[in-house]
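J.: please find the sequence and the predicted model below.
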Amino acid sequence: MTESKVANFVIDFDSTFTQVEALDVLCTLVFQDEEEKAVALKEIERITNLAMGGDLSFRESLESRLAILKANRKHIPLLIESLRPLVSKSFRRNKNFLAENSDSVYILSNGFKEFIYPIVKEYGIKEEHVFANTFEFDDEGNITGFDKDNILSRSGGKPALIESLKLEGEIFVIGDGYNDYEIRKEGKANRFYAFTENVERKNVMDFADHIAPSLDEILYHNNMKGALSYPKNRIKILLLENIHSRGVKIVEEEGYQVEVHPAGLSEDELCEKIKDVSILGIRSKTQVTKRVLEHANRLMSIGAFCIGTNQIDLKECTKRGITVFNAPYSNTRSVVELAIGEMIMLIRNLPDKIASMHQGKWDKSAKNSFEVRGKKLGIIGYGNIGKQLSVLAEAMGLQVYYYDIDERLAIGNAIKCTSLNEMLGEVDIVSLHVDGRDSNTNIIGKEQFDAMKEGIIFMNLSRGHVVDIPELKKAIESGKITGCAVDVFPEEPYSNAHEFISELKGLPNTILTPHIGGSTLEAQENIAEFVPNKIISYINSGSTTNSVNFPNLTLPKLQDAHRFIHIHHNKPGIMAEINNILASHNINVMGQYLKTNETVGYVITDIDTDYNKDVIKVMKKIEGTIRFRVLY
Ligand SMILES: NC(=O)C1=CN([C@@H]2O[C@H](COP(=O)(O)OP(=O)(O)OC[C@H]3O[C@@H](n4cnc5c(N)ncnc54)[C@H](O)[C@@H]3O)[C@@H](O)[C@H]2O)C=CC1
Ligand SMILES: O=C(O)CCC(=O)C(=O)O
């Protein structure tokens, strides 16, 4: 792929090879006084931007900046030290590419060779391929100016210099400034890549043949082998439902193309939006249906930034080789705290008392107000939330009963119940914490309300469809339920702009909350950290740790190997076929991992980097293959 020389890469230095403008950094080294430094820096930045945007002649800008700087020779080694860690990430990542292709790589800068060459030589770039200005010094080493005979000290210097080089082959310019584009404009280059990893200048990007958020993108665009198997900027992630900014930052830093929406999307909207999306991030509202997935040609992974995943057609995702991750513990505590708060509010009859106060009614009485201490709490669904509620409730003196369809060990003194209806007839407060699987639809209906003790407190913070709402309404109106808290509803508005419609509105001693059990800043921040990291790990290494629909494989870091990731329908013989193909291509296998579930098989094979690339086509053709990708 890389091996034959296809083009000359002419690379700008400031804000392209490095993340910064070197003279800005020099300024911070020269001025010790913070105020002076700030003033000088601002002025230098202003002048740089004018020149970069093509609004000031380069020579004028250089003269003005050096005059402000008053730098000395002794600052140059310090500047080099400062710049070294500031080489752009994708250049650092592709150090090998630069070194291996040093015959074709040129640095062309209006900056100064005194600090540029020491930096770029570490990337294998040849001294005779570095074209830049040079400083002039006085006897005391003060920088007094620059070599005015150097073509690069003039406006239009870059195209003129390229012309003088008479390079053979195509010329691709990589830069962030207008003066880089000028090379292409003057017809001295075949292609101009606007490099946007560090800065985005609209008036430069507008002219680009191709916008490159990284060097990886440029190499990929040219079908050359770089450090990454796939440039991150080509991975589009769509984040819906107001995901915490921490999560947005993590995926932005990873280099993904990020699109953020504050609300959920309807099925039709999502069908349209999902077409070019590789990763989808949602919370509880967005329904990822079979129809949506049929439109999701590029989708690799879904992040549910919550606990519940009933809003996603998991079976269909698995069939299509789409991994789903959630945050199984990050908002558990928040839900439990809300449940505790609500049960106290309800048993003291506070919703009605508060409403009366707002209407000017002073109703000081102990009637219908109780302590929770000594009361019996029935928990339906003794999973992570149910168990944590059990612990806190017991600490407040409640006697806990629980009912779960699966075998669950009692925590503390909690009492396990084998019949839901019996438990309902026993307890004073009931709290629902089951998951949202379809078969849980209306598990609390007339029969269960009838089985409840008179005057019970009822709470649902799990999923809306779990409760028969008309029956709940009747039970509240009849006085069977004397206090009710509902956080989740069968129909919830897509966004805060839509109206909330429910027959539970206006009922006595009833707390209705907009699905905020998990909506604390702590929980949202934890979730926003947890889910993206799982997805990034899957994209980068193939690890499926904590995936809710895929066989869980935690993989070692990929080192000096290529990784074949093969997802297939789980049927006999595929593993043997994979290995036969590898053997027939003489491939040296360094490690292999396999896990299956009912639907898919997930096989990871780490192989020696030197192999016959034809094998990739053959692997993709194995019957039953859902997805195949190569990582390195
Ligand atoms: N209101 C909110 O903002 C939030 C709501 N949730 C909801 O709470 C649910 C529970 O969360 P976790 O405790 O973390 O899940 P979990 O999976 O740890 O626990 C669910 C438990 O319910 C049990 N279960 C399922 N169906 C049942 C049934 N019909 N009868 C009795 N037990 C049944 C399961 O066996 C399991 O033990 C989530 O699935 C989600 O739907 C979760 C977080 C926030
Ligand atoms: O915060 C959300 O949007 C959903 C919370 C929830 O219901 C869950 O975590 O399952």
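T.: Perfect, I can see it now. Ligands and ions are numbered 1, 2, ... in the order given.

J.: when you work out contacts or count neighbours from here on, use the C-alpha atoms and nothing else.
T.: Noted.

J.: for ligand 1, what are the nearby residues on the chain?
T.: Counting by CA under 6 Å from any ligand atom, the residues of the chain close to ligand 1 are 307-308, 328, 331, 335, 380-386, 403-406, 433-436, 440, 461-463, 487-488, 515-518.

J.: tell me, which of those make contact with ligand 2?
T.: Restricting those to those within reach of ligand 2 (CA under 6 Å from any ligand atom) leaves 307-308, 518.

J.: any stretches of the stretch 351-500 of the chain with poor pLDDT?
T.: Counting by pLDDT under 70, the stretch 351-500 of the chain shows no low-confidence range.

J.: report the central residue of this protein.
T.: Central residue of the chain (CA atoms, centre = their mean): residue 251, 3.1 Å from the mean position.

J.: list the contacts of it.
T.: If you count contacts by CA atoms under 8 Å, 6 or more residues apart in numbering, residue 251 has them with 258, 532.

J.: not counting its neighbours along the chain, what's nearest residue 194?
T.: residue 211 (4.9 Å; CA to CA, 6 or more residues apart in numbering).

J.: no wait, residue 163
T.: The spatially closest residue to residue 163, leaving aside those adjacent along the chain, is residue 188, at 6.3 Å (CA to CA, 6+ apart).

J.: share the number of residues neighbouring the one you found, please.
T.: For residue 188, the neighbour count with other CA atoms under 10 Å is 21.

J.: re the thing from before, just the element for the residue nearest to the centre of the chain, please.
T.: Residue 251 is located in helix 245-253, with elements delineated by DSSP states H and E.

J.: so for that helix, what gets flagged as buried?
T.: 246-248, 250-252 (16 or more other CA atoms under 10 Å).

J.: just send the residues you listed back as TSV, with pLDDT and distance to residue 149 too.
T.: Shown next, in TSV, are these (pLDDT from 0 to 100; distance: CA to CA, whole Å):
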residue	pLDDT	distance to residue 149
246	97	51
247	98	51
248	98	49
250	98	47
251	98	47
252	95	43
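
J.: for the residues you listed, give me CSV that also has distance to residue 582.
T.: Below are those laid out as CSV (distance: CA to CA, whole Å):
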residue, distance to residue 582
246, 42
247, 39
248, 40
250, 37
251, 35
252, 37
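
J.: from those, which is closest to ligand 2?
T.: Of all the buried residues of helix 245-253, ligand 2 sits closest to residue 247, with 13.9 Å by CA to the nearest ligand atom.

J.: leaving out chain neighbours, which residue sits closest to the closest one?
T.: Nearest non-adjacent residue to residue 247, counting by CA to CA, 6+ apart: residue 528, 4.2 Å away.

J.: can you check residue 514 too?
T.: Closest residue to residue 514 apart from its sequence neighbours, by CA to CA, 6+ apart: residue 487 at 5.8 Å.

J.: tell me, how many residues neighbour the residue nearest to residue 247?
T.: Using other CA under 10 Å, residue 528 is surrounded by 26 other residues.

J.: ok, the one 3 residues further on next?
T.: By the measure other CA under 10 Å, the count of residues near residue 531 is 25.

J.: that one against residue 325, yeah?
T.: Yes. Using CA atoms under 8 Å, residue 531 is in contact with residue 325, at 6.6 Å.

J.: between these two, what contacts are shared?
T.: Common neighbours of residue 531 and residue 325 (CA under 8 Å, 6+ apart) are 303-304.

J.: now do stretch 173-193, average pLDDT.
T.: When pLDDT is averaged over stretch 173-193, the result is 97.

J.: and the helices in the stretch 1-150 of the chain?
T.: 22-30, 34-52, 58-69, 75-83, 89-93, 95-100, 113-120 (DSSP state H, counting those that start in this stretch).

J.: among those, which comes closest to residue 581?
T.: Closest approach to residue 581 among the helices of the stretch 1-150 of the chain (CA to CA): helix 95-100, 30.0 Å.

J.: how does this protein divide into domains?
T.: By the assignment in automatic domain parsing, the chain contains the domains 8-221, 235-325, 332-519, 556-631.

J.: one step back: redo the helices of the stretch 1-150 of the chain as a markdown table? Include mean pLDDT.
T.: Below are the helices of the stretch 1-150 of the chain laid out as a markdown table (pLDDT from 0 to 100):
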| stretch | mean pLDDT |
| --- | --- |
| helix 22-30 | 93 |
| helix 34-52 | 87 |
| helix 58-69 | 89 |
| helix 75-83 | 98 |
| helix 89-93 | 96 |
| helix 95-100 | 96 |
| helix 113-120 | 98 |
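
J.: out of these, nearest to residue 172?
T.: Among the helices of the stretch 1-150 of the chain, helix 95-100 comes nearest to residue 172, with 14.2 Å by CA to CA.

J.: which other residues reach that closest one?
T.: Identification of contacts with helix 95-100 by CA under 8 Å, 6+ apart yields 105, 123-125, 225-227.

J.: make it 7 Å
T.: 105, 123-125, 226 (CA atoms under 7 Å, 6 or more residues apart in numbering).

J.: can you put the residues you listed in CSV and add pLDDT and neighbour count?
T.: Converted to CSV, the contacts of helix 95-100 look like this (pLDDT from 0 to 100; neighbours: other CA atoms under 10 Å):
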residue, pLDDT, neighbour count
105, 98, 22
123, 98, 19
124, 98, 18
125, 98, 24
226, 93, 24
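
J.: in strands, which of those residues fall?
T.: residue 105 (DSSP state E).

J.: and of the contacts of helix 95-100, the nearest to ligand 2?
T.: In terms of CA to the nearest ligand atom, no member of the contacts of helix 95-100 lies closer to ligand 2 than residue 226, at 39.1 Å.

J.: was I right about the closest one contacting residue 218?
T.: No. Counting by CA atoms under 7 Å, residue 226 does not reach residue 218; the two are 9.3 Å apart.

J.: tell me the pLDDT at residue 6?
T.: pLDDT, residue 6: 69.

J.: from the middle of its chain, how far away would the longest helix along the chain be?
T.: Criterion DSSP state H: the longest helix present in the chain is helix 521-541. From the chain centre to the centre of helix 521-541 is a distance of 7 Å (CA atoms, centre = their mean, to the nearest Å).

J.: got the buried residues for it?
T.: By 16+ other CA under 10 Å, the buried positions in helix 521-541 come out as 523-541.

J.: what does that helix contact?
T.: Residues outside helix 521-541 that contact it (CA under 7 Å, 6+ apart) are 243-244, 246-247, 250-251, 303, 305-306, 325-327, 330-331, 334, 543-544, 555, 557-558.
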